[in-house]
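A.B. asks: Generate a structure from the sequence data that follows.
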Amino acid sequence: MTQTIIADHNQNIDLRIEYLTNCSQHISVLAKLQYDEISQHWVKGASVETTKQRLMTHLNYDQLPITLVALSEQTPVGMASLRINDGIRPDLEPWLGSLVVHPKYRGSRVGERLIKAIEQEALARGYEKLYLLAFDATIPNWYSRLGWKKMGTDELFTHTVTVMQLELEK
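C.D. replies: As a prediction, this is how the structure comes out:
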């Protein structure tokens, strides 16, 4: 059963957001994208293969973790995950994680559309807040423009991370 989350024809990009389980043929491409843009810089011992294995655990509709994939003309151009926990602060849930957009598609609001889709998923599951962590010190400014509030800092993989939250609007 195919479940399309949203279709968006703005920004000259025909963008469709799907559950990863509907387009699992793209796991290898998405694992490489996540590794290249995030994991190799922040996660000691990361590899494309370990990233791929982790994504295989996200092939869900009805339980967390889930990953949503942004597709443009059947090409994966980004993804974001909704997880119970993202490696810190087990008292907070759920977490937006692994938001990554292919560099060619940055500036086209793909990331914002993925975040909105994750927000919808969290709301549908009864959550009132969403959390994230940011490795890069410049990223929280971008999230702040989208309504996220800084909560403080923590540590993950020996890196200081900024922790943020978003009050979900019903």
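
A.B. asks: those strands in the protein, which residues are they?
C.D. replies: Taking DSSP state E as the test, the strands found in the chain are 4-8, 15-19, 66-72, 75-83, 95-101, 129-134, 149-156, 159-167.

A.B. asks: which residue packs closest to E18, ignoring adjacent ones?
C.D. replies: Spatial nearest neighbour of E18, excluding adjacent residues (CB to CB, 6 or more residues apart in numbering): V69 at 5.4 Å. All C-beta spots, glycine's among them, are computed from the backbone N, C-alpha and C.

A.B. asks: quick one: contacts for the one you found?
C.D. replies: By CB atoms under 8 Å, 6 or more residues apart in numbering, the contact set of V69 is I17, E18, Y19, L20, C23, H26, L30, P76, G78, M79.

A.B. asks: any idea how far L30 is from it?
C.D. replies: The gap separating V69 from L30 is 7 Å, by CB to CB, to the nearest Å.

A.B. asks: list the residues that contact both of the two?
C.D. replies: Counting by CB under 8 Å, 6+ apart, the common neighbours of V69 and L30 are L20, P76, M79.

A.B. asks: rewinding a little: any idea how far L55 is from the residue nearest to E18?
C.D. replies: Separation of V69 from L55 (CB to CB): 10 Å.

A.B. asks: which residues are in contact with both of these two?
C.D. replies: Common contact partners of V69 and L55 (CB under 8 Å, 6+ apart): L20, L30.

A.B. asks: Tell me what L68 is bridged to.
C.D. replies: Beta-bridge pairing for L68 (DSSP bridges): Y19, A80.

A.B. asks: For it, which residues are in contact?
C.D. replies: L68 touches 5, 17-20, 79-82, 114, 117-118, 121, counting by CB under 8 Å, 6+ apart.

A.B. asks: The same query, at a cut-off of 10 Å, please.
C.D. replies: For L68, the contact set (CB atoms under 10 Å, 6 or more residues apart in numbering) comprises 5-6, 17-20, 22, 58, 78-82, 99, 113-115, 117-118, 120-121.

A.B. asks: Also S24?
C.D. replies: By CB under 10 Å, 6+ apart, the residues touching S24 are L30, L55, M56, H58, L59, T67, V69.

A.B. asks: so where's the protein shaky on pLDDT?
C.D. replies: For the chain, the stretches with pLDDT under 70 are 1-12, 39-43, 154, 156, 159.

A.B. asks: Flag every buried residue along stretch 56-68.
C.D. replies: H58, L64, P65, I66, T67, L68 (16 or more other CB atoms under 10 Å).
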